[in-house]
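> need a 3D model of the sequence below.
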Amino acid sequence: MRKVAVIGAGLVAGPLVEYLLGLGNVKVIVADIEEEKARQLVGSHPAGEVRKLDLNDREAVSRLVSEVEVVASMVPYTFHPYIASFCLEFGKHLVTASYVSPAMRELDEKAREKGLVFLNELGLDPGIDHMEAMRLIEEAKKNGGQVLSFISYCGGLPAPEIKDDNPFGYKFSWSPKGVLLAGTNEARYLKDGQEVLVPARELFAHYEMIDIPGLGTFEGYPNRNSVQYREIYNLPEIKTLLRGTLRYPGWCLKMKKISELGLLSLEEREWQAKTYAEFLREYLNLGLEQDLLAEVAKKLSLPADSEVIKALEWLGLFSDKPLPTRKISPLDLLVVLMVEKMQYKANERDLSVLQHQIIVDFPGRGQEKIVSRLIDFGQPGGHTSMSRTVGLPVAIGIKLILENRIEQRGVLTPTIPEIYHPVLQELKTLGISFNEERAWI
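Here you go, the predicted model:
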C-alpha cells in the first residue's frame, strides 16, 4: 500500500484527506498538533491513521516523513521549507498549496538532483488560477494569437445571502492570519505597457469595482507582484497584466483604516494593557481622560458614527474584553477578535469566485475578449468551497506523483501542461469548472 502524509488538519484539509482515502490503495497519515482535528478528518476509515505532531519535534517529523512517499504540507507557508528539508533528507516528494517562497526556490537544484517533485501553488489562488490561465494562453497561442491583456480576480467570500451578517462582509474559510498578512504586501502590475507600483500602505486605496454576472459588484485590488507572470506565463508581448483579490464593497475602506491605525503590524510587544480598549489607548498613546472612540475617529479623519468606527466597535477593539496574552503583535490581537466574530455558522455557504479576462490579438482577424469564470459554492453542512478548491487540486497532484505522471523534477508550479491539463480535467468531474464567454472587439 502506498503511503502519504498530510501535515496539518486545518480548514482546507478535509476534501484532501477524503479524496486520498477514497483512492483505495493509499494509506493516509494525518498529523496535527491538535490530534482531535486529525481524528475528525480520518474517522474510522481503515486506510487512515492519526498522529499528534509538534513541528518543533524534529525526531517526530523525521519519523513521519521517512515512512511515506509523498508529503502534503497544509501548515502555514513559513513551515514549508522546513518540512521540505526533511523531504530532501529522506527522498520524499512534497505538495503544497502556497506560493513558492525564496527559501523554497533555493531547494530547486537539490530536489532535481534527488529526482524529487516539490509541487507548490496547487490550491485555488495560487493554483486553479494558474492552471486555467495557462490553458487559455496555450489555446490562444495555438490559434495564432498574441495575448495583449490578462486581468484576473479571485475571492473566497461568504455567499451573498450571508454577506451582511457582519460589517466586514467577510468570514474566514482559510487562515485568518493569512488573510490579514496579504494586506501587508506591496503590489505591482502592468497597465498599458507601464509598470505600476502600489506601496503596501496604499493597497486598500487602490481598488476598482468589478461586476460578476449573477453575483453583483465587488471591490477588486491588486495582489502581490503580477509583473513576474509575464515571464511565468511566457507573455513577452503583454501590455496589461494584473492579478487581484475580490471582496464585497466596504472591505477596502475598513482595512485601509485598520492599516492606518497600525493594527497590521507584526511587531510583538509586552503590553501593560489588560483589555482591548486599554491596548488601543496604550498603542495610540491616548490618556485615560480622552474619549477612545472619538480619538480613534479623529485620528482616522472619520465621523464617530461612520461605518468604519462602527465596524471596529463591533469587533471589540473598544471593549473591556481581556487580551489573550500580554506579549503579542497588534495583527495577532486583531486575528483573535476576527476569528471569534467572523466564523461560518452551521449550514452557511461560502463562495469562491475566479474570473480571468484576456484580450487576444489575431493578426489580420481582429481581437477577441475571453472571460473564463469559476463560481463555486460550499455545501451546507458539508465541505466549504474553499476547502474543495484548495484541497482537491493538492489531492489530484499527489495522485499524479504516485502514478508517475509528472516527468519534471524540482520546485514546480502547475504552469506546465503535464500538470494543469489532468488537474483541470479531474476537477471538472468533481464539479469545479469554468464557464466561458467570447466576443470579438
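
> going forward, measure contacts and count neighbours with C-alpha atoms only.
OK.

> so where is the stretch 1-150 of the chain shaky, pLDDT-wise?
By pLDDT under 70, the stretch 1-150 of the chain contains no weakly predicted segment.

> quick one, strands of it?
Applying DSSP state E, counting those that start in this stretch to the stretch 1-150 of the chain gives strands spanning 2-7, 26-32, 48-52, 70-73, 93-96, 117-119, 146-158.

> over to the stretch 301-441 of the chain?
327-328, 350-362, 366-377, 410-412, 435-440.

> can you pull the buried residues of the third one?
Buried residues in strand 366-377, counting neighbours by 16 or more other CA atoms under 10 Å, are found at 367-377.

> I'd like these as CSV, with distance to residue 181 and pLDDT appended.
Listed next are those as CSV, based on distance: CA to CA, whole Å; pLDDT from 0 to 100:
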residue, distance to residue 181, pLDDT
367, 38, 97
368, 37, 98
369, 33, 98
370, 32, 98
371, 29, 98
372, 28, 98
373, 26, 98
374, 25, 98
375, 25, 98
376, 25, 98
377, 25, 97
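
> tell me which two of the residues you listed sit farthest apart.
Spatial extent of the buried residues of strand 366-377 (CA to CA) is set by the pair 367 and 377 at 32.8 Å.

> closest to residue 312 among the buried residues of strand 366-377?
Closest to residue 312, out of all of the buried residues of strand 366-377 and judged by CA to CA, is residue 377, at 28.7 Å.

> could you report the pLDDT at the closest residue to the closest one other than its chain neighbours?
Nearest residue to residue 377 in three dimensions, chain neighbours excluded: residue 351, at 4.5 Å (CA to CA, 6 or more residues apart in numbering). Residue 351 is assigned a predicted lDDT (pLDDT) of 96.

> what number of residues lie near residue 351?
Residue 351: 19 surrounding residues under other CA atoms under 10 Å.

> sorry, back to before: how about the buried residues of strand 366-377 in a markdown table, adding distance to residue 208?
Formatted as a markdown table, the buried residues of strand 366-377 follow (distance: CA to CA, whole Å):
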| residue | distance to residue 208 |
| --- | --- |
| 367 | 24 |
| 368 | 23 |
| 369 | 19 |
| 370 | 20 |
| 371 | 18 |
| 372 | 19 |
| 373 | 18 |
| 374 | 20 |
| 375 | 20 |
| 376 | 23 |
| 377 | 24 |
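
> ends of stretch 261-269, how far apart?
End-to-end distance for stretch 261-269, by CA to CA, to the nearest Å: 16 Å.

> who's in contact with that stretch?
Outside of stretch 261-269, the residues within contact range by CA atoms under 8 Å, 6 or more residues apart in numbering are 180-181, 183-184, 258, 300, 326-332, 334.

> what's the answer for stretch 295-309, then?
167, 253-254, 257, 260-261, 293-294.

> now swap in stretch 140-159 and tell me
With CA under 8 Å, 6+ apart, stretch 140-159 has contacts from 125, 137, 169-171, 173, 220, 235, 237-247, 348-363, 377, 386.

> with stretch 354-371 instead?
Contacts for stretch 354-371 (CA under 8 Å, 6+ apart): 129, 133, 140, 144-155, 372-375, 436-441.

> could you dump the contacts of stretch 295-309 to TSV with neighbour count and pLDDT?
Output for these, formatted as TSV (neighbours: other CA atoms under 10 Å; pLDDT from 0 to 100):
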residue	neighbour count	pLDDT
167	18	97
253	16	97
254	19	97
257	21	97
260	14	96
261	17	96
293	19	97
294	15	97
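
> which one of those is nearest residue 340?
Using CA to CA, the contacts of stretch 295-309 come closest to residue 340 at residue 167, 14.1 Å.

> so the closest one touches residue 341, yeah?
No. At 10.5 Å, residue 167 and residue 341 do not qualify as touching, with contact defined as CA atoms under 8 Å.

> partner residues bridging residue 410?
Applying DSSP bridges to residue 410 gives these bridge partners: residue 117.

> show me the contacts for it.
107-112, 115-119.

> please redo it, this time with the cut-off set to 10 Å
Taking CA atoms under 10 Å, 6 or more residues apart in numbering, we find residue 410 in contact with 93, 105, 107-119.

> same question for residue 16.
When contacts are taken as CA under 10 Å, 6+ apart, residue 16 is in contact with 6, 9, 22, 41, 72, 74, 387-396, 398.

> which of those residues fall in helices?
The subset of the contacts of residue 16 located in helices under the criterion DSSP state H comprises 41, 387-396, 398.

> got those residues as TSV, with distance to residue 418 columns?
Listed next are those as TSV, based on distance: CA to CA, whole Å:
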residue	distance to residue 418
41	30
387	24
388	22
389	19
390	19
391	19
392	17
393	14
394	15
395	16
396	12
398	13
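
> sweet, I'm off.
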